[in-house]
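K.L.:
Show me the folded form of this:
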Amino acid sequence: MVCAVLFVFLMWTAAQSAMLGAAHFLAQLAHAELQRWSSGTSPVALWKIRRVEEYLENSLRYSADNPWALEAFAALDLARMRASAIPRQALAEAQDARERLRRALRQRPTSPYLWANLALAKLYLDKIDDEFLNALRSADQLGPWEPTIQQMTVFAGLAAWGRLDAALKQALKGSVERAGARDAAKMYEIVKKFRRFDLICVDTQYNELARQDCKQNAGPATPGKR
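P.N.:
This is a model prediction of the structure:
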C-alpha cells in the first residue's frame, strides 16, 4: 500500500514538473519574441502578435500563475495599448496589464521589472495613488543600476512629478545621475520629452548632449542648486 501511494506521488510530482517546464519554455519563447520586437523599428505583423499570445495562453494553461508568462502577457498588453487608436480598447489593455502584473508580483515581489511595469500601467490608467508610488519606489530600490529600470521609472516619475514626495523625487534624480554613466543618450531623450533640463544641466555627464538645451533654458540660479 505504501509503495503504491509513493508511486502515485512520484508520478504526480513528475507530471507537475513537466507542466512547469513546458510553461516556462513557452514563456521564454514569448519573451524572446518581445525582445526582438523592442529592437526593431517596423510595425509588428498581426500573425506574430497572435503567435506570442498563443505561447502565453498555453503557458498559463500549464501553470496559471507562471510569473514569467504573466509578465510577458502584461508587456504585450501595454504594447497593444500604445498601438491602439481606440480609447476604450487602450483602457482595457492597460487594465489587463495591471491585473497580470499584480498576479505576477505575488510570485516575484523582488522583480524591479514587474514593479516598473506596474507603475507604467497605473500611469496610463491615470491612477496616481499609493500603489503607483509604491511601485515606483520598489522598482528604484530593487534595480537602481538597471538602465531599463532607470528609464521606466524616470519616465513615469516625470509624468507624475507634482504628485511625488521629496524622497521619491530625490531617488529619481539619483537614477538620472547614475544613467549618465551608462546610457546618457536615452535618459536625455526622456528628460527632454518633459523639458526637465534642470535634472541634467547640473551634471557634467550630460554636457555634450544637452549643451544647447541648457543654454536655451538657462534661468536664474535657485538656492541650493549646484
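K.L.:
Domains in the protein, by residue range?
P.N.:
As given by automatic domain parsing, the domain ranges for the chain are 47-109, 122-226.
K.L.:
Of all those domains, which one is nearest residue 29?
P.N.:
Across the domains of the chain, residue 29 has its closest neighbour in domain 47-109 (4.9 Å, C-beta to C-beta). C-beta coordinates here come from the backbone N, C-alpha and C atoms, glycine included.
K.L.:
Run the chain-centre distance for the closest one.
P.N.:
12 Å (C-alpha atoms, centre = their mean, to the nearest Å).
K.L.:
average model confidence for it?
P.N.:
Mean pLDDT, domain 47-109: 86.
K.L.:
And that domain, end to end?
P.N.:
33 Å (C-alpha to C-alpha, to the nearest Å).
K.L.:
among the domains of the chain, which is the most enclosed?
P.N.:
domain 47-109 (a mean of 18; mean count of other C-beta atoms under 10 Å).
K.L.:
Next up, the contacts around residue 194.
P.N.:
158, 159, 161 (C-beta atoms under 8 Å, 6 or more residues apart in numbering).
K.L.:
Of the residues you listed, just say which sits nearest to residue 214.
P.N.:
Distance to residue 214 across the contacts of residue 194 (C-beta to C-beta) is lowest for residue 158, with 17.1 Å.
K.L.:
Now residue 47: which helix or strand?
P.N.:
Taking DSSP states H and E as the criterion, residue 47 maps to helix 46-62.
K.L.:
for that helix, packing partners?
P.N.:
On a contact count with 3 or more C-beta pairs under 8 Å, 6 or more residues apart in numbering; DSSP states H and E, helix 46-62 meets helix 2-38, helix 67-83.
K.L.:
With distance to residue 116 as extra columns, can I get the domains of the chain in a markdown table?
P.N.:
As requested, the domains of the chain are arranged in a markdown table below (distance: least, C-beta to C-beta, whole Å):
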| stretch | distance to residue 116 |
| --- | --- |
| domain 47-109 | 10 |
| domain 122-226 | 4 |
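K.L.:
just so I know, which of these lies nearest residue 32?
P.N.:
domain 47-109 (9.5 Å).
K.L.:
So for stretch 161-168, mean pLDDT?
P.N.:
Rounded mean pLDDT across stretch 161-168 is 95.
K.L.:
Now intersect the contacts of residue 194 with the helices, please.
P.N.:
158, 159 (DSSP state H).
K.L.:
for the contacts of residue 194, which one is nearest residue 197?
P.N.:
Closest to residue 197 out of the contacts of residue 194 is residue 158 (11.7 Å), distances taken as C-beta to C-beta.
K.L.:
shouldn't that closest one be in contact with residue 187?
P.N.:
No. Using C-beta atoms under 8 Å, residue 158 is not in contact with residue 187, being 10.8 Å away.
K.L.:
residues contacting the most centrally placed residue in the chain?
P.N.:
Of all residues in the chain, the one closest to the mean position by C-alpha atoms, centre = their mean is residue 117, 3.0 Å from it. Listed by C-beta under 8 Å, 6+ apart, the contact set of residue 117 reads 71, 74, 75, 78, 97, 101, 152.
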